[in-house]
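# have a look; sequence and predicted model below, questions after that.
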Amino acid sequence: MEEIEVTSLTVSGLSVRYGAGAQAVIDADLSVSSGECAVVHGPNGAGKTSLVRAIAGYLPHERVMVTGSIMLGERAIDSVGVERRARLGVACIPERDKIFREMSVRENLDIFALRRASKRGLTADLDLAFDVFPALERLPRGRAAGLLSGGEQQMLAIAGALVGGPQVLLVDEPSLGLAPIVVTDVMTALGRILAERGLAVVLVDQNVRSARRIATKVYTMSGGRLRHETGEDVYGRLVREGYAKVIA
Ligand SMILES: Nc1ncnc2c1ncn2[C@@H]1O[C@H](COP(=O)(O)OP(=O)(O)OP(=O)(O)O)[C@@H](O)[C@H]1O
């Protein structure tokens, strides 16, 4: 299996159109390097999930048109299929259906680990997963993942993505429906994984307070258009303009 060292994800001119409907993503540019976290804020229906799914490679099929360039380091991956993209190091944690509900924590991790290009580093990634999420190790061994709390399921999804050996991690709304204390734990863990594994992370989140802990770059999305936000008091402005919410 191939293994490539990725230092960056660069998306240029990415557009997504569903059938004859309106364009969900219009000419989007985004870049994120190893050790960086690009956070994408935006209201419901802005196109955030479509952006993430297009980068992960879930979308192209006969009724969805995806155009534009997606580069992993020096390599173009826009015509690479979803499984191969995952093996090249693009992991995606979707908003829903992110774990195998009938299987235990360990079985889930074993399945996610099959995505790795090589077994090298697997033990270290498993150790890191249990280190950042000690709650996962304390759970009864045979418990089906579908019976875990929302927070535990989110932790398992992130741990699963980690043991898949990613270089780029795409995370769609990880704080959705979670209690603030759990959101803090999840963001702290993501921050540690980002730093210790040198991943390039794209994080979609409407919650400013949680996302800003780990954001190194901020984007907003509205009506399919993605904008890189710079300048002073970015977060204050985003809240005032309705791109993001402050959730305790
Ligand atoms: N499979 C689909 N078929 C047709 N239209 C779709 C499909 N998925 C999404 N859309 C449309 O594309 C637009 C963007 O949706 P998307 O889910 O990407 O936005 P979002 O910013 O992630 O929203 P939310 O925060 O509510 O999840 C919306 O108008 C949505 O109705």
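Arrived safely, thanks for sending.
# just the strands in this structure please.
8-18, 23-33, 37-41, 64-72, 75-76, 90-93, 168-172, 200-204, 217-222, 225-229 (DSSP state E).
# and the average pLDDT for the second one is what?
Just to be clear, that refers to strand 23-33. Here strand 23-33 scores 96 as its mean pLDDT.
# who are the packing partners of that strand?
Counting contacts by 3 or more Cβ pairs under 8 Å, 6 or more residues apart in numbering; DSSP states H and E, strand 23-33 packs against strand 8-18, strand 37-41, helix 48-56, strand 200-204, strand 217-222, strand 225-229. For every residue, glycine as well, the C-beta is placed using N, CA and C.
# and if we set it to 10 Å?
Where contact means 3 or more Cβ pairs under 10 Å, 6 or more residues apart in numbering; DSSP states H and E, strand 23-33 is packed against strand 8-18, strand 37-41, helix 48-56, strand 64-72, strand 168-172, strand 200-204, strand 217-222, strand 225-229.
# dump those to CSV, plus distance to Ala124.
Shown next, in CSV, are these (distance: least, Cβ to Cβ, whole Å):
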stretch, distance to Ala124
strand 8-18, 23
strand 37-41, 21
helix 48-56, 24
strand 64-72, 22
strand 168-172, 16
strand 200-204, 19
strand 217-222, 27
strand 225-229, 33
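# can you add mean neighbour count, mean pLDDT and distance to Gly121 and give the ones you listed back as CSV?
Shown next, in CSV, are the helices and strands packed on strand 23-33 (neighbours: other Cβ atoms under 10 Å; pLDDT from 0 to 100; distance: least, Cβ to Cβ, whole Å):
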stretch, mean neighbour count, mean pLDDT, distance to Gly121
strand 8-18, 18, 96, 20
strand 37-41, 26, 95, 21
helix 48-56, 25, 95, 22
strand 64-72, 18, 94, 18
strand 168-172, 25, 95, 15
strand 200-204, 26, 96, 17
strand 217-222, 21, 94, 27
strand 225-229, 16, 95, 32
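# and these as TSV, adding distance to the ligand?
Below are the helices and strands packed on strand 23-33 laid out as TSV (distance: least, Cβ to the nearest ligand atom, whole Å):
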stretch	distance to the ligand
strand 8-18	3
strand 37-41	9
helix 48-56	3
strand 64-72	7
strand 168-172	7
strand 200-204	7
strand 217-222	6
strand 225-229	11
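# to Tyr235, which of the ones you listed lies closest?
Judged by Cβ to Cβ, the one of the helices and strands packed on strand 23-33 that comes nearest to Tyr235 is strand 217-222, at 7.7 Å.
# report the angle between the axes of that closest one and strand 225-229?
Angle between the axes of strand 217-222 and strand 225-229 is 150 degrees (criterion: axes from the mean of the first three to the mean of the last three Cα atoms, to 10 degrees).
# neighbouring strands - and their directions - for strand 217-222?
strand 37-41 (parallel), strand 225-229 (antiparallel) (DSSP bridges).
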